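Undergrad: Below is the structure, and that's it, no one-letter string:
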């Protein structure tokens with residue numbers, strides 16, 4: 001054996017430990033492969049029957065590339081036309097992508113008419129169409145209204161697929177018509193990031209330029225599988241190609257590590273990049289946010305209690321809940337807010353491994369030092385089928401192996417981490433870096449920061465886009481946040497994210513205040529200046545209104561109306577204190 005480098009080595013060892021011949025004559029060979037896969041999936045997935053005390057997010061099982069979600073801003077343009085008792089609605093203007101201007105579908109989004117509490121989910125909508133269907137009849141008595149259409153439900157599924165040195169070779173063979181070569185052929189995929197549809201198009205082009213047949217490749221966005229065809233029979237080389245087990249693209253495309261020949265079409269066995277488990281909170285990219293840029297999970301009931309659909313707001317989300325998961329590992333999540341602009345969110349994850357095959361091109365995810373644990377688990381299952389008394393002892397080897405793997409994982413974190421798994425009796429000796437508002441940090445003890453004795457200080461972020469500050473005149477206002485009753489606005493900071501520009505606009509000023517006093521907090525800020533560390537303004541205000549009060553941003557332009565603005569964004573931070 002070759003020190004358990006391949007699945008073929010592992011299967012032979014499983015048979016040997018089970019008292020079976022390794023020459024192919026054992027009736028348990030097929031079962032050994034099946035059980036090896038069961039144990040492999042159980043160890044990678046964690047929290048299995050093999051050892052209920054081990055539920056590790058193994059470092060070796062993590063994907064090299066995080067899942068990327070692109071959170072969409074709301075669609076609010078035009079008016080909504082409805083009819084009480086009907087589930088058909090229509091927009092005065094078909095929804096479009098605010099960044100590309102192209103038609104887009106809002107199927108699966110939620111919609112709410114202004115001034116009403118009922119929220120509906122859009123069940124059918126085709127890109128470019130003004131008509132849509134909602135999940136129930138419209139229960140309110142209006143015919144036309146302004147609205148907000150927002151997306152808070154997303155499938156946790158990799159938007160992009162990545163090609164690098166580990167999966168850039170596609171080995172195949174042509175064997176259908178006289179005159180065509182039957183030797184191994186290798187197409188080389190260009191390194192980069194692809195949507196699955198774009199990757200299929202690129203693969204088809206590479207196959208056609210490498211072989212002599214006419215090839216096609218497609219991606220089914222519903223079944224989430226690849227499909228490769230040709231006008232003659234051909235073969236996919238997963239087990240014996242020159243790049244088998246090294247740089248083959250087949251596993252990434254959802255195909256088994258097997259040779260398949262003699263057909264004119266091949267459908268992927270798996271949905272590529274199946275999610276085995278989520279192992280960290282979602283992370284976003286933004287400036288000076290005191291919540292560490294994390295979006296944490298919560299349970300669906302708690303989500304509904306704290307963030308009811310009718311009160312979902314426009315801001316950066318900081319909570320999500322899982323709402324469903326299918327047998328392919330596609331997890332649907334719901335966020336507690338929607339962003340004002342397209343926002344990138346990433347999440348680290350463990351992919352579901354494809355099936356092991358009894359050949360020298362198939363490899364487990366486990367490090368070589370831990371492969372014995374898999375062998376013992378699969379061997380115990382074979383011994384159980386044989387009613388062999390050694391079953392329980394070999395199963396104990398597997399359970400102990402998982403404990404040892406867990407201890408090793410923690411030991412690495414302990415030796416390379418900061419205070420991992422340690423009790424620190426003197427917190428004043430720990431001296432953690434404590435994160436403060438507006439991105440500044442201070443080095444100190446454990447006393448919490450409070451701007452008002454007995455109060456709770458929070459920092460509420462908001463982003464204002466040029467799209468929010470457009471009107472047919474030279475003055476436009478937008479409510480960035482509403483200060484609730486019994487809350488004090490202690491401080492306010494604005495930072496220029498993107499310089500404001502507009503056709504024909506000679507100059508502009510930006511103010512922040514209330515409807516009664518538009519310049520109450522910030523007066524005369526220049527949003528057309530270049531972005532830099534100094535492109536900001538702040539104030540300490542201690543503003544405590546008697547009733548809930550909107551805080552608005554006002555822009556005044558010279559030389560052109562505000563609807564001529566073409567770009568610009570403003571990051572805002574409201575330091576609020578809940579009064580005791």
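TA: That came through fine. Predicted model only: the values in this text are computed from it and were never measured.
Undergrad: What helix or strand is residue 43 located in?
TA: Assigned by DSSP states H and E, residue 43 belongs to helix 29-45.
Undergrad: So which helix or strand of the protein has the lowest pLDDT on average?
TA: The helix or strand of the chain with the poorest confidence is strand 441-443; it has a mean of 35 (mean pLDDT, DSSP states H and E).
Undergrad: circling back to that earlier point, how about the helix holding residue 43, which residues are buried there?
TA: 29, 31-45 (16 or more other Cβ atoms under 10 Å). Heads up, the C-betas are built off the backbone N, CA and C, glycines and all.
Undergrad: Looking at those, spot the one nearest residue 530.
TA: Residue 530 has its nearest neighbour among those in residue 44, at 49.5 Å by Cβ to Cβ.
Undergrad: picking up where we left off before, tell me what the helix holding residue 43 is packed against?
TA: Applying 3 or more Cβ pairs under 8 Å, 6 or more residues apart in numbering; DSSP states H and E, one finds that helix 29-45 makes contact with helix 7-17, strand 275-278, helix 371-385.
Undergrad: Now distance to residue 493 and mean neighbour count too, for the ones you listed, in CSV please.
TA: Written out in CSV, the entries for the helices and strands packed on helix 29-45 read as follows (distance: least, Cβ to Cβ, whole Å; neighbours: other Cβ atoms under 10 Å):
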stretch, distance to residue 493, mean neighbour count
helix 7-17, 57, 22
strand 275-278, 33, 19
helix 371-385, 53, 24
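Undergrad: Quick one: the helices in the stretch 201-350 of the chain, in order.
TA: Counting by DSSP state H, counting those that start in this stretch, the stretch 201-350 of the chain has helices at residues 300-306.
Undergrad: quick one: low-confidence ranges for it?
TA: For the stretch 201-350 of the chain, residues meeting the criterion pLDDT under 70 lie at 286-292.
Undergrad: What of the stretch 1-150 of the chain?
TA: Where the stretch 1-150 of the chain drops to pLDDT under 70, the residues are 1-4.
Undergrad: Tell me where it has strands.
TA: Counting by DSSP state E, counting those that start in this stretch, the segments of the stretch 1-150 of the chain that form strands are 67-71, 80-81, 88-91, 110-113, 120-125, 131-134, 144-145, 147-150.
Undergrad: Could you pull up phi and psi at residue 512?
TA: When read as degrees, to the nearest 10, the backbone of residue 512 gives phi -130, psi 130.
Undergrad: so who does the closest residue to it other than its chain neighbours touch?
TA: Distance criterion Cβ to Cβ, 6 or more residues apart in numbering; nearest residue to residue 512, sequence neighbours excluded, is residue 522 at 3.8 Å. Counting by Cβ atoms under 8 Å, 6 or more residues apart in numbering, residue 522 touches 492, 494, 510, 511, 512, 513, 537, 539.
Undergrad: and the longest helix anywhere in the chain, which residues are buried?
TA: The single longest helix within the chain, with elements called by DSSP state H, is helix 391-416. Neighbour counts over helix 391-416 (16+ other Cβ under 10 Å) mark 391, 394, 395, 397, 398, 399, 401, 402, 405, 406, 409 as buried.
Undergrad: And stretch 480-494, by the same measure?
TA: By 16+ other Cβ under 10 Å, the buried positions in stretch 480-494 come out as 480, 481, 483, 487, 488, 489, 490, 491, 492, 493, 494.
Undergrad: Same check on stretch 105-120?
TA: 105, 106, 108, 109, 110, 111, 112, 113, 116, 119, 120.
Undergrad: Grab the nearest non-local neighbour of residue 201.
TA: Closest to residue 201 by Cβ to Cβ, 6+ apart is residue 217, at 7.2 Å.
Undergrad: and if you look at residue 41?
TA: Using Cβ to Cβ, 6+ apart and skipping residues adjacent in sequence, the residue nearest residue 41 is residue 353, 6.6 Å away.
Undergrad: and that neighbour, what pLDDT?
TA: pLDDT for residue 353: 92.
Undergrad: who's in contact with it?
TA: For residue 353, the contact set (Cβ under 8 Å, 6+ apart) comprises 40, 41, 44, 276, 364, 365.
Undergrad: Report the two of the residues you listed separated the most.
TA: Pairwise distances across those (Cβ to Cβ) peak at 14.1 Å, for the pair 276 and 364.
Undergrad: How far does the lengthiest strand in the chain sit from its chain's centre?
TA: Longest strand in the chain by number of residues (criterion: DSSP state E): strand 487-502. For strand 487-502, the separation from the chain centroid amounts to 28 Å (computed by Cα atoms, centre = their mean, to the nearest Å).
Undergrad: What strands line up against that strand, and which way round?
TA: Next to strand 487-502 in the sheet, as set by DSSP bridges, lie strand 536-543 (antiparallel), strand 565-578 (antiparallel).
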